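Colleague: Fold the following.
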Amino acid sequence: MAMRQPLNYNTKIEFAPEEKFTVPKTQVAPEEQYGAEDTGTKRPCGRVVGIIRRNWRERGYCGSLKPTDRSTYGTSSVMFMPIERRFPMVRITTRQADTLMDKRLVVVIDGWDIDSMYPTGHYVRTLGTIGDKDVETEVILIENDVNTSSFTPAVHEPLPNGNFEVGVHIADVTHFVRPNTAIDLEAHE
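Modeller: Numbering: from 1, shown residues only. Predicted coordinates for the structure are as follows:
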């Protein structure tokens, strides 16, 4: 069974004694199993004793729905798999599961019940079809906190002389310079 993964590092966890490290797989619903197999090996377990601060992204998480063997009609509960594997799957309820199965989506987390392995959330929007270059580019931008909103009409207005002013502003380029590379050595001169 996969351990419940925190969405932030502001959680206080109390680990169980080593003799209690094995957790029965029967506690996890089949749709919540994320490729985990019960090998009988001991796994660390514990309990969350406090959440210092929630750090859920307001803009949401990019990903896709976990494929299912069954067709879904009407409202159904499905598992959303974020692109970033360090985040857990999110349970969402939708009437569009079949339509959204091959799409990249944005989902926001609403809560995390104490007796559930995964948080619950809701569908925000569809980015496009999985594998499409523009869609995957937008996913990368969103996941890395790059603003993907369109420019306001004022940005497209020329200056009084008819020219346009274009500026590229980088706050700290040293973040992108690797130590002991040619550009780093030149900067030290």
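
Colleague: list the contacts for the residue of the chain positioned farthest from its centre?
Modeller: Largest separation from the mean C-alpha position in the chain: Asn161, at 45.5 Å (C-alpha atoms, centre = their mean). Listed by C-beta atoms under 8 Å, 6 or more residues apart in numbering, Asn161 has no contact partners. Yep, even glycine has a C-beta here, placed from its N, CA and C like the rest.

Colleague: which is the next helix or strand following the helix-or-strand element of the chain with minimal mean pLDDT?
Modeller: Least confident helix or strand, the chain: strand 46-51 with a mean of 73, by mean pLDDT, DSSP states H and E. Next helix or strand after strand 46-51 toward the C-terminus (DSSP states H and E): strand 61-65.

Colleague: I'd like to know which elements the helix or strand following that next one is packed against.
Modeller: Heading C-terminal from strand 61-65, the first helix or strand you meet, by DSSP H and E, is strand 76-82. Counting by 3 or more C-beta pairs under 8 Å, 6 or more residues apart in numbering; DSSP states H and E, the packing neighbours recorded for strand 76-82 are strand 61-65, strand 90-94, strand 103-111.

Colleague: list the buried ones in strand 76-82?
Modeller: Residues 76, 78-82 are the ones in strand 76-82 that count as buried (16 or more other C-beta atoms under 10 Å).

Colleague: Tabulate the helices and strands packed on strand 76-82 (TSV), appending mean neighbour count.
Modeller: Formatted as TSV, the helices and strands packed on strand 76-82 follow (neighbours: other C-beta atoms under 10 Å):
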stretch	mean neighbour count
strand 61-65	23
strand 90-94	21
strand 103-111	19
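
Colleague: Looking at those strands, which is nearest to Leu185?
Modeller: With C-beta to C-beta as the measure, strand 61-65 is the member of the helices and strands packed on strand 76-82 nearest Leu185 (37.9 Å).

Colleague: Quick check: Tyr61 vs Val177, distance?
Modeller: Separation of Tyr61 from Val177 (C-beta to C-beta, to the nearest Å): 30 Å.

Colleague: Specify the helix with the largest residue count in the chain.
Modeller: Longest helix in the chain by number of residues, with DSSP state H as the criterion: helix 133-143.

Colleague: what packs against it?
Modeller: Under the contact definition 3+ C-beta pairs under 8 Å, 6+ apart, helix 133-143 sits against strand 61-65, strand 103-111, strand 120-129.

Colleague: that older thread, now flag whichever of the buried residues of strand 76-82 is closest to Leu185.
Modeller: Pro82 (39.4 Å).

Colleague: That closest one and Lys66 touch, don't they?
Modeller: No. Applying C-beta atoms under 8 Å as the test, Pro82 and Lys66 come out as separate, 10.8 Å apart.

Colleague: Sweet, I'm off.
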